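Undergrad: Build me a model from this:
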Amino acid sequence: MLRNAVKRDYPLRVVAVAGPGEPLANRQTFEVLKMAKEEFPHLIRCVATNGLALYECAELLERIGINTVTVTVNAIDPEVGAKIYEYVRVNGRKHTGIEAAEILINRQQEGVKEVVSRGMVVKINTVLIPDINGGHLTELARVYKQLGANIMNITPLIPVGKFAHMRPPTPEELSRARVACGEHIEQFKMCKQCRADACGIPGGDDESMGPDCL
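TA: Below is the predicted model of the structure:
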């Protein structure tokens, strides 16, 4: 897909790996981004992660020339996080409940501080779940700005899976959250819901193009 886009002079500036699954748990993530650096050095390289292994991977990310790291952070309070995250697995051991949330939250913050110290730009992605973390996001924004994050992207909940019974935010709630968090950290507002293999310009009509479009 990337080679086809470049071949057709598509206006690409960024190449990113965002899954499926957790990119930092997949060695192919690093192989692909290393090849992207070698073959298309002019492109910004980005990886998206839940942050669980970010601290441990920071040196490797720097070595393969990652410019930007996107970290999905939905809570900084373990009691809130326990309502969102089912479990985390560290060194083969499964943790659940508040313990799992606390481990993830601490590792996310340590990881963000580490990649910031290595000169990478950090974007925080946060899913607004009104009845769980709706009153929690301004503090999240404040904390991550202090840790060195550059920008925050708040997206609305899609009620599927374990959250199928939860309501998504109204447009007004989403707007209020962005304004409140914008007092602490710059807000990214052009993101649309699209495929993981999307290609396009944020906010543009072609943003959700998949590989068949190339």
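Undergrad: going forward, measure contacts and count neighbours with C-alpha atoms only.
TA: Fine.
Undergrad: quick one: terminal-to-terminal distance for stretch 36-48?
TA: 16 Å (C-alpha to C-alpha, to the nearest Å).
Undergrad: Could you pull out the buried residues of it?
TA: For stretch 36-48, burial by neighbour count (16 or more other C-alpha atoms under 10 Å) applies to 36-37, 40, 44-48.
Undergrad: chain center to it: distance?
TA: Mean-position distance between stretch 36-48 and its chain equals 17 Å (C-alpha atoms, centre = their mean, to the nearest Å).
Undergrad: outside of it, which residues touch it?
TA: If you take C-alpha atoms under 8 Å, 6 or more residues apart in numbering as the criterion, stretch 36-48 is touched by 12-19, 23, 33, 64-72.
Undergrad: could you flag which of those residues are buried?
TA: With burial judged by 16+ other C-alpha under 10 Å, the buried subset of the contacts of stretch 36-48 is 15-19, 23, 33, 64-72.
Undergrad: Of all those, the one with the weakest confidence?
TA: Lowest pLDDT of the buried ones among the contacts of stretch 36-48: residue 19, 75.
Undergrad: what's the distance between that residue and residue 154?
TA: Using C-alpha to C-alpha, residue 19 is found at 19 Å from residue 154.
Undergrad: What are the boundaries of the helices in this structure?
TA: Ranges of helices within the chain are 2-7, 27-39, 54-63, 78-81, 97-117, 130-133, 137-147, 171-181, based on DSSP state H.
Undergrad: How many residues are close by residue 120?
TA: Number of residues near residue 120 (other C-alpha atoms under 10 Å) recorded here: 23.
Undergrad: give me the low-pLDDT residue ranges for this structure?
TA: Within the chain, the segments meeting pLDDT under 70 span 1-11, 190-214.
Undergrad: List the pairing partners of the longest strand anywhere in it within its sheet, with orientation.
TA: Looking across the chain with DSSP state E, the single longest strand is strand 121-128. Sheet pairing of strand 121-128 (DSSP bridges) gives strand 68-72 (parallel), strand 151-156 (parallel).
Undergrad: Tabulate these (JSON lines), appending distance to residue 87.
TA: Listed next are the strands paired with strand 121-128 as JSON lines, based on distance: least, C-alpha to C-alpha, whole Å:
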{"stretch": "strand 68-72", "distance to residue 87": "15"}
{"stretch": "strand 151-156", "distance to residue 87": "22"}
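Undergrad: do you know which of the ones you listed lies nearest residue 189?
TA: Distance to residue 189, taken as C-alpha to C-alpha, is lowest for strand 151-156 among these, at 6.6 Å.
Undergrad: And the closest one, what's buried?
TA: Quick answer for strand 151-156 (16+ other C-alpha under 10 Å): 151-156.
Undergrad: Tell me how far that strand lies from the chain's centre.
TA: Taking the mean C-alpha point of strand 151-156 and that of its whole chain, the gap between them comes to 9 Å (C-alpha atoms, centre = their mean).
Undergrad: what does stretch 160-172 contact?
TA: Outside stretch 160-172, the residues that touch it by C-alpha under 8 Å, 6+ apart are 128-131, 156-159.
Undergrad: Among those, which pair sits farthest apart?
TA: Across the contacts of stretch 160-172, the longest distance by C-alpha to C-alpha is 13.3 Å; it joins 131 and 158.
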